[in-house]
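*Asks:* Turn this into a structure:
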Amino acid sequence: MLGSPKLRKAIAAATAAQGLLSLLFPKRMAKLGSRLLLGASHENTGELEPRDWYVDSTRASGLGMLVGGLFGYILADRADDKAAAAAAVEDAEAGDREADDEDDGPVMVDIDE
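*Replies:* As a prediction, this is how the structure comes out:
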């Protein structure tokens, strides 16, 4: 989906931040949403008042966005750690291969026991 764990972290953090704002200030976020969505095509969008059920719905979706954003951030952080660990293992294996390539001489084994 998104190639970079850092990009996934940034998107998850932005989602969590918007969810927190929607959870704490649902009426303001509902008004902001109507202004952004309807402002280009309608006049006086600032005078619109959201209904109570819509404010409650905005608060509930804010909670979902907050939880989803935090969960996504944690998963992206783990993916970043795994990618760093895999890169370290790959570098170590490449170093071992180089060391093996340099030591291709005959091996002497003493079997006089």
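
*Asks:* where do the helices sit along the protein?
*Replies:* Ranges of helices in the chain, per DSSP state H, are 5-24, 26-38, 52-102.

*Asks:* need those helices in a markdown table with distance to I111, can you?
*Replies:* All C-beta atoms are positioned from the backbone trio N, CA, C, and that covers glycine. Shown next, in a markdown table, are the helices of the chain (distance: least, C-beta to C-beta, whole Å):
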| stretch | distance to I111 |
| --- | --- |
| helix 5-24 | 53 |
| helix 26-38 | 80 |
| helix 52-102 | 24 |
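
*Asks:* can you redo those helices as TSV with mean neighbour count and distance to G46?
*Replies:* Below are those laid out as TSV (neighbours: other C-beta atoms under 10 Å; distance: least, C-beta to C-beta, whole Å):
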stretch	mean neighbour count	distance to G46
helix 5-24	17	19
helix 26-38	16	6
helix 52-102	13	16
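
*Asks:* Those helices: which one's closest to V109?
*Replies:* Of all the helices of the chain, it is helix 52-102 that lies closest to V109, at 18.1 Å by C-beta to C-beta.

*Asks:* Save the helices of the chain as JSON lines, and put in distance to D110 and mean pLDDT too.
*Replies:* Output for the helices of the chain, formatted as JSON lines (distance: least, C-beta to C-beta, whole Å; pLDDT from 0 to 100):
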{"stretch": "helix 5-24", "distance to D110": "52", "mean pLDDT": "92"}
{"stretch": "helix 26-38", "distance to D110": "79", "mean pLDDT": "89"}
{"stretch": "helix 52-102", "distance to D110": "23", "mean pLDDT": "82"}
